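Asker: Predicted model follows, preceded by the sequence.
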Amino acid sequence: MKLINHSLAYGLIMLALVFSSPQVLAGDYVVIVSVKNSFASDDAGMRNEIKRLYLKEKKKWSNGLDGKPLSAKTGSDEQRTFLSDVLHMDPASLAQHWIKSKQKTGDTPPRSVGSARSMIKLVARGEGSFGYISKVNASNLNDKVRILFEF
């Protein structure tokens with residue numbers, strides 16, 4: 001059995017603890033993508049595509065663009081809701097997923113972004129990038145970013 005980096009394991013354990021709140025806060029959130037990303041599907045298809053790309057089970061969008069997932073700030077309402085409503089995972093299973101991914105493929109969790117403004121800028125820069133923000137912050141979207149779906 002391969003040994004994993006202790007700092008990665010520690011980070012994943014801390015992530016699980018942050019998410020261990022028994023109540024997921026409900027709210028209105030959106031997944032955003034670049035306007036250059038032409039991906040479209042029904043709601044279930046969009047959610048499945050995002051889940052597989054976010055978990056790095058799939059590397060490319062169905063339209064061929066490289067998937068570049070971004071994550072909201074650790075412990076944020078957006079992140080907790082995304083985990084529950086889109087990934088359908090609890091914190092422990094997500095942490096376990098990243099440990100296994102690191103061991104098997106070297107994949108690590110998506111880059112964490114500290115603010116909605118930064119998330120919008122980063123998504124706008126990359127054709128295959130995607131992230132999630134509160135619906136309130138979606139009013140600040142520029143012409144380079146579009147909403148893929150709400151959750």
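Answerer: Yes, it's here.
Asker: quick one: the spatially most central residue of the chain from residue 63, how far?
Answerer: Centroid-nearest residue in the chain: residue 71, 4.4 Å away (criterion: CA atoms, centre = their mean). Here residue 71 is placed at a distance of 22 Å from residue 63 (CB to CB, to the nearest Å). For glycine as for every other residue, the C-beta is placed from the backbone atoms N, C-alpha and C.
Asker: go on, residue 29?
Answerer: Distance from residue 29 to residue 63, by CB to CB: 23 Å.
Asker: Those two: which is more packed in?
Answerer: residue 29 (24 against 12; other CB atoms under 10 Å).
Asker: Which pLDDT value goes with the more buried one?
Answerer: Looking at residue 29, its pLDDT stands at 97.
Asker: Report the beta-bridge partners for it.
Answerer: On the basis of DSSP bridges, residue 29 is bridged to residue 134.
Asker: Please apply the same query to the one 4 residues further on.
Answerer: According to DSSP bridges, the partner residues bridging residue 33 are residue 130, residue 146.
Asker: Isn't it up against residue 141?
Answerer: No: using CB atoms under 8 Å, residue 33 is not in contact with residue 141; the gap is 10.8 Å.
Asker: give the contact list for the spatially closest residue to residue 68 that is not a sequence neighbour.
Answerer: The shortest distance from residue 68 to any non-neighbouring residue, by CB to CB, 6 or more residues apart in numbering, is to residue 129 (4.1 Å). By CB atoms under 8 Å, 6 or more residues apart in numbering, the residues touching residue 129 are 33, 34, 68, 69, 70, 122, 123.
Asker: Determine whether the claim that the fourth one is in a helix is correct.
Answerer: Meaning residue 69. No: counting by DSSP: H, G, I helix; E, B strand; the rest coil, residue 69 is not found in a helix; it is strand.
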